[in-house]
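S.K.: Predicted structure and sequence below. I'll ask about it afterward.
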Amino acid sequence: HRQVRRTDISVAELGPGFTSALSRDGLAPEVLGRLRAFETADAVIAGSPLYQGSYPGLFKHFIDFVEPGALAGTPVLLVANGGSDRHLLMLDHELRPLFAFLQAFVAPDSVFAAAGDFDGLVVVNSGLHKRVRRAVSGLLRLL
């Protein structure tokens, strides 16, 4: 069995060494390290909250620094959360084309969680658990 190493990247926590950068050269060294970890991952789980019908600007700002071809062939599982199920098409209309442009291999299953799936931080929708298990299983098969 292969050992799994996980790197979490929260773009909202990358700070001014990220938000003030206008080019890859302007990124703080620790941010550049996170970006390189993203680009060289064996697999990516890309998650985003829904904002105004799409992913937020900080998410796109991070993606804009990805080197062309860096994610080519990389398996990617897409996940998102929003206020209601009415927004679940954001995965297919916004995130899927973005990662297809990056030449990533986007897994067919994705996961959308709505506000009603949670009670605070506790998942109360058993269907969400099933969707997550199915999607992660599909991502593992791609590896």
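M.R.: Structure's in. What do you need?

S.K.: residue ranges with poor pLDDT in this structure?
M.R.: 1-2 (pLDDT under 70).

S.K.: Show me the helices in it, by range?
M.R.: For the chain, the helices defined by DSSP state H cover 16-19, 29-39, 57-64, 90, 96-101, 126-142.

S.K.: deepest of those, which one?
M.R.: Comparing these by mean neighbour count (mean count of other C-beta atoms under 10 Å), helix 90 comes out on top with a mean of 23. Bear in mind the C-beta positions are built from the backbone N, C-alpha and C, glycine included.

S.K.: what does it rub up against?
M.R.: Applying C-beta atoms under 8 Å, 6 or more residues apart in numbering, the contact partners of helix 90 are 50, 53-55, 80, 82, 112.

S.K.: Out of those residues, which end up buried?
M.R.: Buried subset of the contacts of helix 90 (neighbour count, 16 or more other C-beta atoms under 10 Å): 50, 54-55, 80, 82, 112.

S.K.: what sits against the closest residue to H87 other than its chain neighbours?
M.R.: Once flanking residues are discounted, H87 sits nearest to L50: 4.9 Å by C-beta to C-beta, 6 or more residues apart in numbering. L50 sits next to 80-83, 87, 90 when contact means C-beta under 8 Å, 6+ apart.

S.K.: Wait, G26 touches T19, no?
M.R.: No. Look at G26 against T19 with C-beta atoms under 8 Å: they stay out of range, at 10.5 Å.

S.K.: Tell me how far the spatially most central residue of the chain lies from A104.
M.R.: Taking C-alpha atoms, centre = their mean, the centroid of the chain lies closest to A46, which sits 1.2 Å from it. Distance of A46 to A104, computed by C-beta to C-beta, to the nearest Å: 9 Å.

S.K.: what do the two both touch?
M.R.: Residues touching both A46 and A104 by C-beta under 8 Å, 6+ apart: V76.

S.K.: For burial, what's the neighbour tally of L121?
M.R.: 5 (other C-beta atoms under 10 Å).
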